[in-house]
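Novice: only geometry, no sequence info:
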């Protein structure tokens, strides 16, 4: 009976233990969910990347960025091969620089946020920085035991608890390790970039060879088929071959690359004569620009586009083939003009623009001796395709003038120098100096004749053919002296309705970054006050490089030939 009684007592106790255990298990599960909810509630709300809206969790915020703003982290992750550190830099980059979602999605690389400065949180305890970025699409790294390693949580734990040890590894060791890993990653990317650039250079070289071979092949076929008859090509007819016709963007790579460097833009923007003339033309004619569309060719840093927007233009489109366009986009956003100014990368002749016509086309296209670089080709192509009826070019007119100069000091430094160099004759060194026009600032006191106008271009009506010219002119000498060179310069006119603006690059005006173009004579020419020199200039493009010029000057029957390149 005692055994039976003991068994009965055990039976009565067992259900209570099982029931208690079940209650304990349910209670633990509930506690886990409650702890998770408390953890979420303890975090700051997640601030949207592109608005002031907030969300309870980082996941909700990221889904909102994808569904509403169109910025998909998974797409960016695949495109840029992003890791946790790159993700952190991306979030802080967006919060710091405030780019648009479309701009972020359009980027072809992660260079915008690769700087380590973006590792510093913009918002303290930002929930988006604690988001498990590597958890998406099964992108966990695995250790040797097969357990998932969550790098982002590990990193966030170190940020929030800097005194906590990861095993035997101190916080300082973790920081050093992460820095080493980042440096290794940067070294690898730099090496890959160099390899890609070398490969690209080889491809460009191969394309040039193929293009040359194809041109030679088709040229031979055309000549053979016509039996030596006259060619119907534009070149055979004597018309001008434009830069766009002669060179592809790849072949013109070095030209566009030169405009990607900051130094050339610093030089141009520091030229007050140039920049303030454009600013005055656009801002002091605001009634003409108000509500109008403006096209800016070769926009560079976007300064003229911003002048046009400030002057009242409703929409401004800037086009540039150089990589400086990316800095220009940042500049436009930095000044809050992105709603008015739209920048497009590409060569004008090959680029689709958002509008079919523009009321004004503005461009600072002038090169040395006005026509060097051949950028006017693109400007005239834009005019013929996009200028609306009744519209105008800005500037609308340019001229080239020539004058005689006598500068004995400079002539001695540059040419007489080679007659005796430490007792040796080096006269052969004079030839390259005499063959190539020199770009210098000419002292106004050295001018010894009245200026002679040799070219007058109406940019609203002229053609590319007008950039090659043959002009007879007379130089009226103003004093007795030895003539040492002929100087060339250009003047620019903005003949708008409200206020006319102009500037000169001549030796009598304030110096500009264009300076003047000097054609030195092989020997001094003695002249008298009141003497008239009968002269002629022939200016054409070089066949091998349509951006360069060849100039022939005839002075009293003697011909002198030069290049401007």
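Specialist: Received the coordinates, thanks. Not measured: the values here are computed from a predicted model.

Novice: for the rest of this, base every contact and every neighbour count on C-alpha atoms.
Specialist: Will do.

Novice: by residue count, what's the longest strand in the chain?
Specialist: Under DSSP state E, the strand in the chain containing the largest number of residues is strand 481-494.

Novice: can you list the strands that the helix or strand following it pairs with?
Specialist: Counting by DSSP states H and E, the next helix or strand C-terminal to strand 481-494 is strand 501-504. Under the criterion DSSP bridges, strand 501-504 sits next to strand 481-494 (antiparallel) in its sheet.

Novice: hang on, the earlier thing: contact partners of the longest strand of the chain?
Specialist: 281, 369-370, 394-408, 411, 448, 500-506, 515-521, 523-528 (CA atoms under 8 Å, 6 or more residues apart in numbering).

Novice: in strands only, show me those.
Specialist: Counting by DSSP E, the contacts of strand 481-494 contribute 394, 397-405, 501-504, 516-521, 523-527 to strands.

Novice: and the residues you listed, which are buried?
Specialist: 394, 397-405, 501-504, 516-521, 527 (16 or more other CA atoms under 10 Å).

Novice: where exactly do the strands run in the stretch 201-350 of the chain?
Specialist: With strands called from DSSP state E, counting those that start in this stretch, the stretch 201-350 of the chain shows them at 293-297, 315-320, 341-345.

Novice: looking at those strands, which is nearest to residue 128?
Specialist: Nearest to residue 128 among the strands of the stretch 201-350 of the chain is strand 341-345; the distance by CA to CA comes to 31.1 Å.

Novice: what comes into contact with the next helix or strand after the closest one?
Specialist: Using DSSP H and E, the helix or strand that directly follows strand 341-345 along the chain is strand 358-363. Outside strand 358-363, the residues that touch it by CA under 8 Å, 6+ apart are 292-299, 304, 379, 382-383, 386-395.

Novice: what about 7 Å?
Specialist: Residues from elsewhere that reach strand 358-363, judged by CA atoms under 7 Å, 6 or more residues apart in numbering: 292-298, 386-388, 391-395.

Novice: strands paired with that strand, and their directions?
Specialist: Strand pairing for strand 358-363, determined by DSSP bridges: strand 293-297 (parallel), strand 387-394 (parallel).

Novice: how about TSV for those strands, with mean pLDDT and distance to residue 73 added?
Specialist: Shown next, in TSV, are the strands paired with strand 358-363 (pLDDT from 0 to 100; distance: least, CA to CA, whole Å):
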stretch	mean pLDDT	distance to residue 73
strand 293-297	97	35
strand 387-394	96	42
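
Novice: could you say which of those is packed most deeply?
Specialist: Highest mean neighbour count among those (mean count of other CA atoms under 10 Å): strand 293-297, with a mean of 27.

Novice: just how off-centre is that one within its chain?
Specialist: Relative to its chain's centre, strand 293-297 lies at 17 Å (CA atoms, centre = their mean, to the nearest Å).

Novice: cool, stretch 470-490 as well?
Specialist: 40 Å.

Novice: that stretch: which residues count as buried?
Specialist: Within stretch 470-490, judged by 16+ other CA under 10 Å, the buried ones are 470, 473-478, 481-490.

Novice: now swap in stretch 111-128 and tell me
Specialist: Under the neighbour-count criterion of 16+ other CA under 10 Å, stretch 111-128 has 113, 114, 118, 119, 121, 125, 126, 127, 128 buried.

Novice: again with stretch 274-294
Specialist: Using 16+ other CA under 10 Å as the test for burial, stretch 274-294 gives 274, 277-286, 288-290, 292-294.

Novice: got the contact list for that stretch?
Specialist: For stretch 274-294, contacts defined as CA under 7 Å, 6+ apart pick out 269, 307-308, 311-317, 358-361, 494, 496, 498-499, 501-503.

Novice: mark which of these are buried, thanks.
Specialist: Of those, these count as buried by 16+ other CA under 10 Å: 269, 307-308, 311-317, 358-361, 494, 496, 501-503.

Novice: next, residue 368: phi, psi?
Specialist: Per-residue torsions, residue 368: phi -60, psi 140 (degrees, to the nearest 10).

Novice: picking up where we left off before, quick one: which of the strands paired with strand 358-363 is nearest residue 557?
Specialist: Counting by CA to CA, residue 557 lies closest to strand 387-394 out of the strands paired with strand 358-363; the figure is 38.8 Å.

Novice: list of residues touching that closest one?
Specialist: By CA under 7 Å, 6+ apart, strand 387-394 touches 357, 358, 359, 360, 361, 362, 363, 459, 460, 494.

Novice: if we use 8 Å, what do you get?
Specialist: Outside strand 387-394, the residues that touch it by CA under 8 Å, 6+ apart are 357, 358, 359, 360, 361, 362, 363, 383, 459, 460, 494.

Novice: grab the most central residue of the chain for me.
Specialist: Geometric centre of the chain, nearest residue: residue 324, 1.4 Å, by CA atoms, centre = their mean.

Novice: for residue 271, see how far away that one is.
Specialist: Residue 324 sits at a distance of 19 Å from residue 271 (criterion: CA to CA, to the nearest Å).

Novice: any chance of the strands paired with strand 358-363 in JSON lines, plus distance to residue 263?
Specialist: Output for these, formatted as JSON lines (distance: least, CA to CA, whole Å):
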{"stretch": "strand 293-297", "distance to residue 263": "20"}
{"stretch": "strand 387-394", "distance to residue 263": "25"}
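
Novice: residue 351 is nearest to which of these?
Specialist: Counting by CA to CA, residue 351 lies closest to strand 293-297 out of the strands paired with strand 358-363; the figure is 11.6 Å.

Novice: three-state assignment of the closest residue to residue 121 other than its chain neighbours?
Specialist: Among residues not flanking residue 121 along the chain, residue 92 sits closest, at 6.1 Å (CA to CA, 6 or more residues apart in numbering). Three-state assignment for residue 92 (DSSP: H, G, I helix; E, B strand; the rest coil): helix.

Novice: now residue 92: how far from residue 335?
Specialist: Per CA to CA, residue 92 is found 21 Å from residue 335.

Novice: just read off the phi/psi values of residue 46.
Specialist: Per-residue torsions, residue 46: phi -80, psi 120 (degrees, to the nearest 10).

Novice: quick one: low-confidence ranges for this structure?
Specialist: 1-43, 134-171, 208-209, 211-239, 244, 246-256, 260 (pLDDT under 70).

Novice: ok, now with 50
Specialist: Along the chain, segments meeting pLDDT under 50 span 1-27, 29, 33, 137-167, 219-238.

Novice: residue contacts, the nearest residue in space to residue 480 that is not next to it in sequence?
Specialist: Nearest non-adjacent residue to residue 480, counting by CA to CA, 6+ apart: residue 528, 4.2 Å away. Residue 528 makes contact with 477, 478, 479, 480, 481 under the criterion CA under 8 Å, 6+ apart.

Novice: adding distance to residue 77, write those residues out as TSV.
Specialist: Putting the contacts of residue 528 into TSV (distance: CA to CA, whole Å) gives the following:
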residue	distance to residue 77
477	72
478	73
479	74
480	76
481	73
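
Novice: from those residues, which is closest to residue 510?
Specialist: For the contacts of residue 528, the closest approach to residue 510 (CA to CA) belongs to residue 478, at 21.8 Å.

Novice: thought the closest one was touching residue 450?
Specialist: Yes. At 7.0 Å, residue 478 and residue 450 qualify as touching, with contact defined as CA atoms under 8 Å.

Novice: how about the contacts made by residue 418?
Specialist: Contact partners of residue 418, counting by CA under 8 Å, 6+ apart, are 425, 426, 427, 429, 430.

Novice: which SSE is the nearest residue to residue 116 once chain neighbours are set aside in?
Specialist: Excluding the flanking residues, the one nearest residue 116 by CA to CA, 6+ apart is residue 89, at 7.4 Å. According to DSSP H and E, residue 89 maps onto helix 84-97.
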